[in-house]
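Engineer: Got a sequence here, can you build the structure:
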Amino acid sequence: MYRLLRAPLQAVTYSRWLHLCVPLLLLAIWMFISPDMPWVPLLIVAPFGFVPWVRLAEGLQARFLLTPDEGDSVAAGITTVPSARWGDRWRTLLWLEIRLVVAGGAMFATVALPVLSVQLLAIAVGHPSGAEQTVPFPTPPRWAAAMLSPLPLALLIVIVVLLGEMITAIARRLLGPSAAERVSALEARTEQLLERTRMARELHDSIGHALTVAVMQAGAARAAGDPAFTERALFAIEETGRAALEDLERVLLVLRESAQPPSQRPTLAEAHRLLESARASGAEVDVQLRGPLETLPGPVTREGYRILQEALTNVLRHCGPVPVRVRVERGPDRLDLEVSNPLPDGPSVITGNGSGLRGMRERAALLGGEAETGPYKGRWRVRARLPLERIP
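Structural biologist: You can find the predicted model right below:
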């Protein structure tokens, strides 16, 4: 009851009313041509149900007028794609037929009830002008006609609200996505969420690495008091910051769903950037690179770069400029990546529960591999094994 009382104040009531009235143009034209055969428009619209783009047009109109508050959200339950299967075309045909029938009822109520209200007002003011003959019940007294005159308009609002809710429910059923479309939409949404999660992880790795290097370089330059060393530190900060800005811009383009293609993600062929940044921060880096890293599969070389980046970042963040051993070896069926460094004196601040360590394990798991992090023979070790062929 409260919903009916509130309906005249809601915009969706009138947008649904407009949706109900749109087919009235066809009905009105045909009634002018041949009022004796009101069923012919049902035959006229039938072939249009098999046109794929009609479903798109009807879906857009229904979403805009029947569910304006829900917009393009999935909750609207109304698809806006052309018919791809015969089942969708038959549902579109049924929708067109039902819409015409409901529009006929809406047309009768929209015309007849306001006219009845005007007739009752004419009786109430004493100027019936033939209204007694057109009122579908015995002519009431003038006082009764005055009291009854608002009722047809109230009844019109009730009918419009009920028809609007009915046609909206029918639209969700007949213009809603099919099972195949729901699966495709779910897959697309899943891919989008996975891409955003991956971009967020990359942003964490890239910006975290850049900030760690910048902090270490600035602290070392201040402690050294050597202009030449300070100049080299500033140069390293500049290069690291520039690379981080490139990564940040690429990630933001993806998160904004821009149509521009993102720039190429860094690979292990560019690992020298990370190693030089670590060396410029004062760390002694012992590197062993074995095998043709330039021909690694795309997912392996890109995720391997991020694992190496996060491992070096953790070394600089938690242990400072300590000697680091980096081994990257391409085998016949997998890539082995290992980064180790001495454990810091005193209680270790490195744990296995950080987001960076968890991210490395997740990256390896997505490729069907594994990553181990933790103390090993008096050192902290990050070891990843990434398969080259069995990529899920």
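
Engineer: How is the residue of the chain most remote from its centre assigned, secondary-structure-wise?
Structural biologist: For the chain, the C-alpha farthest from the mean C-alpha position belongs to G126; by Cα atoms, centre = their mean, that distance is 62.5 Å. For G126, the secondary structure call by DSSP: H, G, I helix; E, B strand; the rest coil comes out as coil.

Engineer: how close does A62 sit to L163?
Structural biologist: Here the distance between A62 and L163 works out to 14 Å (Cβ to Cβ, to the nearest Å). Placement of C-beta: from N, CA and C, glycine included.

Engineer: E165: which element?
Structural biologist: Taking DSSP states H and E as the definition, E165 sits inside helix 150-174.

Engineer: Go through that helix and flag the buried ones.
Structural biologist: 152, 156-157, 159-161, 163-165, 167-168, 170-172, 174 (16 or more other Cβ atoms under 10 Å).

Engineer: what's the next secondary structure element after the host helix or strand of L42?
Structural biologist: Following DSSP H and E, one finds L42 within helix 40-45. Proceeding N to C from helix 40-45, the next assigned helix or strand is helix 52-66, under DSSP H and E.

Engineer: Could you name the helices and strands sitting against that next one?
Structural biologist: Using 3 or more Cβ pairs under 8 Å, 6 or more residues apart in numbering; DSSP states H and E as the contact test, the elements touching helix 52-66 are helix 11-21, helix 86-124, helix 150-174.

Engineer: Let me have these in a markdown table, extended by mean pLDDT.
Structural biologist: As requested, those are exported to a markdown table (pLDDT from 0 to 100):
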| stretch | mean pLDDT |
| --- | --- |
| helix 11-21 | 86 |
| helix 86-124 | 86 |
| helix 150-174 | 89 |
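
Engineer: just so I know, which of those lies nearest T301?
Structural biologist: Between T301 and those, the tightest spacing by Cβ to Cβ is seen for helix 86-124, at 42.7 Å.

Engineer: helices or strands up against the closest one?
Structural biologist: helix 11-21, helix 24-33, helix 40-45, helix 52-66, helix 131-134, helix 142-148, helix 150-174.

Engineer: out of those, nearest to A228?
Structural biologist: Smallest distance to A228 across the helices and strands packed on helix 86-124 (Cβ to Cβ): 66.1 Å, for helix 52-66.

Engineer: What angle do helix 11-21 and the closest one make with each other?
Structural biologist: 140 degrees (axes from the mean of the first three to the mean of the last three Cα atoms, to 10 degrees).

Engineer: Not counting stretch 373-387 itself, show me its contacts.
Structural biologist: In this structure, residues lying in contact with stretch 373-387 by Cβ atoms under 8 Å, 6 or more residues apart in numbering are 300, 303-304, 307, 311, 314-315, 319, 333-343, 348, 350, 352, 357, 360-361, 364, 367-372.

Engineer: With respect to E270, which of the helices and strands packed on helix 86-124 lies nearest?
Structural biologist: Closest to E270 of these, according to Cβ to Cβ: helix 52-66, at 45.1 Å.

Engineer: Pull out the buried residues from the closest one.
Structural biologist: Within helix 52-66, the residues that qualify as buried are 54-56, 58-59, 61-66, counting by 16+ other Cβ under 10 Å.

Engineer: same check, this time on stretch 46-53
Structural biologist: For stretch 46-53, the neighbour count (16+ other Cβ under 10 Å) marks G49 as buried.

Engineer: if we can go back for a sec, could you check what's spatially nearest to the residue farthest from the centre of the chain, not counting adjacent residues?
Structural biologist: The shortest distance from G126 to any residue other than its chain neighbours is 6.5 Å, reached at R142 (Cβ to Cβ, 6 or more residues apart in numbering).

Engineer: about what we covered before: the helix holding E165 to helix 52-66, inter-axis angle?
Structural biologist: Relative orientation of helix 150-174 versus helix 52-66 (the same axes, to 10 degrees): 140 degrees.

Engineer: Looking at the contacts of stretch 373-387, which are in helices?
Structural biologist: Assignment to helices by DSSP state H places the following of those there: 300, 303-304, 307, 311, 314-315, 357, 360-361, 364.
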